[in-house]
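Novice: Quick one, fold the following:
(2 chains)
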Amino acid sequence: MVDGKAAEVSKNEHILPKKPGHRWFLLSGPICIILLVTIGLPVCYTIFSSFWEKRGYSATVHFIGFANYASVLTDEAFWSSITTGFLYAVISSILQLVIGLWGALFVIRRGRYRNLLSSIIFLPYLLPSVVLVILWTFALNDSVGYVNYVLRAMDILPPQWFGEATIFWTLVILSVWQFFPFVFFAIYGRLTLISSELLESAELEGATHIQRTWHIVMPELKSLILSIVVLRFIIMFMKFDIPWLLASSRGGGRDLLTPAVYAYRVAFERLNIGMAFAITTIFLLILAIVMIIVIRISRSTNAEAA
Amino acid sequence: MQKQPKRIVQFYSRNLPIVVMVVIIILVALGPFLLMLITSIRFNADINYSPFDLWSGTYTFENYLKLLSQTNFLEYASSSILVATIVALISGCCAILASYGITRIRSRLSPAVMNLSLWGYLFSPIMLVIPSYVLLGSIGLVDTYFGLILTQLPMALALSFWVTFPFLRDLPPDIEDTAALDGASLYHILILIVAPIVRPALLAASAFSFLFSWNEYLTARVLMSGPRKTLPVGLQDIYDSTVVDWGMLMAACVLIVVPVLAMYFALQRFYVDDWGVGGIKG
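Specialist: Residues are numbered from 1 along each chain as shown, chains lettered A, B, ... in the order given. Coordinates of the predicted model:
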């Protein structure tokens, strides 16, 4: 998908040309119906309800036009959540990209150990977010955690991992640890497809390892990296569970207000449902813009390949 | 025979930077897992005494027994297994059928299905869970397995679709063509010829959906309560409501993660070669 292969459908379309519509519906019908009911319906309902006032889940509704949007856009917490989400998404995506790219370039050259290494690197990605947060809360705990233990043994004063000012960076570390394998695997998969002939002939011509990486490997990865950055950005921007669990668990009461946490608070704590729908409609708009970018990228990649 | 150790030492000293990097990678990726496992079989007194004093302490399964007898862990586990299995079955089957239809039969609707799946892929659960909660509430499906499955399905389906689609696109249609020329019907072709070939894609898609549902937190948190909670929500409640008992918490973490890891290693040969990004979402 990210490689932009989506556009070249129906390369293999062939059997039974009679009445294709009927058979197409028989095969693709279930997914269409389920997606329409489970995505289409909630999305339409969200947009429709964002123009109505509704406070509390059993409350009656009144049509109020754009007033919900006005109260979202004038809410300071909304803008602070956008700022936090943006910083979080940018910083953690870049770190994921750097570590994932470096890891892939490193592991691909490890010969027969590379399969083992790559499957170990993938492990953090498989953890449920609840386990991730509990595991790291334990690891970073001041009295029983081993991270501070090691830091003290090396005569480094451990930082306040869960302090008001530093918890954002703890969040970034956790997210990068869990999600860099995504970038790693995407790039690693592409690296295995690059032909070794070009690299070998470049080596014979006397190109150093860095030159080969820069002039031969990186151009191959350019469009892939672009799509990964966009994809990681939007996923991290809308992340709910890690910021929520890290800040709220065990009555921490600290603040990691990302956009998704803000929407959750408005919907399930402030119980202003109409406003929550206005927020998610704004998120839908952001997502739509990103979708258009992703599709553009995959089209231009296809055009280059053709 | 005597030269062997010397050669090994030479190898490691010549490649020292690389060996150090490999060790760091393994420690960073695997370390927390190992400490989770070790902590789960230590007594709390030992854990509180020192995180690294692994030699003098004694080991025990007490944490696991405590977890299974004093908490609702087994109830949470059974609802997790139920929900994740149904999500995996539905999304794997629907995705493979749709991928087959889209790659084999030309239709103007195909791009629409693919765009819809891409939406599902990028959709943040928070955008679905608020309207789903209201809509499901209006027909009395909040806190039912059916409601939770319905809310998790679109994301699992999108995930499955992007696993099965590349597989079927790259699968040459020759065998099916031959069978069609011999007069086999579409249904015979699907069941007798296509099904055995696509089994790895179906398995991988279902496994990814299972993992997604098994790990998913937000929709389960909002929709489920009481004994029908899934494992992540249940674990979070155990963590929040009791005095911190690190040994028991780590035992719970181990029990949640072990099925995931088992599935990952069992299915590894299917996805290491072929699909890079298609099958992963976070």
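Novice: Please, which helix or strand holds the residue nearest to the spatial centre of chain B?
Specialist: In chain B, the C-alpha nearest the mean C-alpha coordinate belongs to B:L211, at 1.8 Å (Cα atoms, centre = their mean). Element membership of B:L211, judged by DSSP states H and E, is helix B:195-215.
Novice: now check whichever helix or strand comes after that helix, is it near chain A?
Specialist: Later in the chain than helix B:195-215, the nearest helix or strand by DSSP H and E is helix B:218-223. Yes - contact between helix B:218-223 and chain A, assessed by Cβ under 8 Å from any Cβ of the partner chain, occurs at B:L218, B:V222. All C-beta spots, glycine's among them, are computed from the backbone N, C-alpha and C.
Novice: So which residues make contact with the next helix-or-strand element following helix B:218-223?
Specialist: Reading on from helix B:218-223 to the C-terminus, the next helix or strand found by DSSP H and E is helix B:231-241. Under the contact criterion Cβ atoms under 8 Å, 6 or more residues apart in numbering or on different chains, helix B:231-241 has outside partners A:128-131, A:134, A:245, A:249-251, B:71-73, B:75-77, B:80, B:214-217, B:220-221, B:224, B:229, B:248-249, B:252-253, B:256.
Novice: Could you list which residues are in contact with B:M263?
Specialist: Contact criterion Cβ under 8 Å, 6+ apart gives B:A207, B:F210, B:L211 as the residues in contact with B:M263.
Novice: could you give the angle of the strand or helix carrying it to helix B:195-215?
Specialist: Assessed by DSSP H and E, B:M263 sits inside helix B:246-271. Calculated by axes from the mean of the first three to the mean of the last three Cα atoms, to 10 degrees, helix B:246-271 forms an angle of 160 degrees with helix B:195-215.
Novice: Can you point out the buried residues in helix B:246-271?
Specialist: Along helix B:246-271, the positions that meet the burial threshold by neighbour count (16 or more other Cβ atoms under 10 Å in any protein chain shown) are B:246-257, B:259-260, B:263-264, B:267, B:270-271.
Novice: in the stretch 101-250 of chain A, what residue is nearest chain B?
Specialist: Scanning the stretch 101-250 of chain A for proximity to chain B using Cβ to the nearest Cβ identifies A:G189 as nearest, at 2.8 Å.
Novice: ok, back up a step: please state the offset of the helix holding B:M263 from the chain centre?
Specialist: When C-alpha coordinates are averaged (Cα atoms, centre = their mean, to the nearest Å), helix B:246-271 and its chain have centres 9 Å apart.
Novice: from the contacts of B:M263, which are also near chain A?
Specialist: Among the contacts of B:M263, the residues within reach of chain A (Cβ under 8 Å from any Cβ) are B:L211.
Novice: between the contacts of B:M263, which is nearest chain A?
Specialist: Minimum distance to chain A across these is 6.8 Å, recorded for B:L211 (Cβ to the nearest Cβ).
Novice: contacting residues for that closest one?
Specialist: B:L211 makes contacts with A:L126, B:V260, B:M263, B:Y264, as judged by Cβ under 8 Å, 6+ apart.
Novice: Reformat these as JSON lines; add pLDDT.
Specialist: As requested, the contacts of B:L211 are exported to JSON lines (pLDDT from 0 to 100):
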{"residue": "A:L126", "pLDDT": "90"}
{"residue": "B:V260", "pLDDT": "90"}
{"residue": "B:M263", "pLDDT": "87"}
{"residue": "B:Y264", "pLDDT": "86"}
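Novice: so can I have a markdown table of the residues you listed showing distance to B:S107?
Specialist: As requested, the contacts of B:L211 are exported to a markdown table (distance: Cβ to Cβ, whole Å):
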| residue | distance to B:S107 |
| --- | --- |
| A:L126 | 36 |
| B:V260 | 37 |
| B:M263 | 34 |
| B:Y264 | 35 |
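Novice: what's the farthest-apart pair in these?
Specialist: A:L126 and B:M263 (8.8 Å; Cβ to Cβ).
Novice: how close does B:P17 sit to A:I120?
Specialist: As defined by Cβ to Cβ, to the nearest Å, B:P17 lies at a distance of 19 Å from A:I120.
Novice: and these two? which has more neighbours close in?
Specialist: The residue with more neighbours, out of B:P17 and A:I120 and counting by other Cβ atoms under 10 Å in any protein chain shown, is A:I120; that gives 18 against 8.
Novice: So which residue is dead centre in chain A?
Specialist: Among the residues of chain A, A:I235 comes closest to the average C-alpha position under Cα atoms, centre = their mean, at 2.6 Å.
Novice: ok, then the element right after whichever helix or strand it is part of?
Specialist: Using DSSP H and E, the secondary-structure element containing A:I235 is helix A:218-237. Remark: after helix A:218-237, the chain's next helix or strand is helix A:241-248, criterion DSSP H and E.
Novice: can that next one be found next to chain B?
Specialist: Yes - judged by Cβ under 8 Å from any Cβ, helix A:241-248 comes into contact with chain B at A:D241, A:L245.
Novice: close to chain B, is the helix or strand following that helix?
Specialist: Scanning forward in sequence from helix A:241-248 by DSSP H and E, the next helix or strand is helix A:259-268. Yes - Helix A:259-268 reaches chain B (Cβ under 8 Å from any Cβ) through A:A260, A:A263, A:Y264, A:A267, A:F268.
Novice: Report the contact partners of the residue in the stretch 101-250 of chain B positioned nearest to chain A.
Specialist: For the stretch 101-250 of chain B, the residue closest to chain A is B:G101, as judged by Cβ to the nearest Cβ, at 2.9 Å. With contacts taken as Cβ under 8 Å, 6+ apart, B:G101 has the following neighbours: A:R23, A:W24, A:L26, A:L27, A:S28, B:S107.
Novice: related to what we said a few turns ago, burial check on the residue of the stretch 101-250 of chain A closest to chain B, number of neighbours?
Specialist: Using other Cβ under 10 Å as the criterion, A:G189 is surrounded by 21 other residues.
Novice: list the buried ones in the helix or strand harbouring it?
Specialist: In this structure, A:G189 sits in helix A:167-191 according to DSSP H and E. Of the residues in helix A:167-191, those buried by neighbour count under the rule 16+ other Cβ under 10 Å are A:167-168, A:170-172, A:174-191.
Novice: tell me the mean pLDDT for that helix?
Specialist: If you average the pLDDT over helix A:167-191, you get 89.
Novice: Give the next helix or strand downstream of it.
Specialist: Downstream of helix A:167-191, the next assigned helix or strand under DSSP H and E is helix A:196-204.
Novice: The closest residue to A:W161 other than its chain neighbours and A:V147, how far apart?
Specialist: Across the structure, with Cβ to Cβ, 6 or more residues apart in numbering or on different chains as the measure, the residue nearest A:W161 apart from its sequence neighbours is A:L140 (4.3 Å). Separation of A:L140 from A:V147 (Cβ to Cβ): 5 Å.
Novice: Please apply the same query to B:G140.
Specialist: For B:G140, the distance to A:V147 (Cβ to Cβ) stands at 47 Å.
Novice: Between these two, which is the more surrounded one?
Specialist: A:V147 (19 against 9).
Novice: what's next to the one helix or strand that one maps to, contact-wise?
Specialist: Counting by DSSP H and E, the element that carries A:V147 is helix A:146-153. Applying Cβ under 8 Å, 6+ apart, the set of residues contacting helix A:146-153 from outside is A:A139, A:L140, A:N141, A:D142, A:L157, A:P158, B:L35, B:S50, B:P51, B:F52.
Novice: So which of those residues sit within helices?
Specialist: Helix and strand membership here follows DSSP state H; of those, those in helices are A:A139, B:L35.
Novice: Could you export the contacts of helix A:146-153 as CSV, including distance to A:W102 and neighbour count?
Specialist: Formatted as CSV, the entries for those read as follows, by distance: Cβ to Cβ, whole Å; neighbours: other Cβ atoms under 10 Å in any protein chain shown:
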residue, distance to A:W102, neighbour count
A:A139, 23, 20
A:L140, 24, 19
A:N141, 30, 18
A:D142, 31, 12
A:L157, 29, 8
A:P158, 26, 14
B:L35, 25, 20
B:S50, 34, 13
B:P51, 29, 24
B:F52, 29, 11
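Novice: Now the two most distant members of the contacts of helix A:146-153.
Specialist: Greatest spatial distance in the contacts of helix A:146-153: A:L157 and B:L35, 22.2 Å, computed using Cβ to Cβ.
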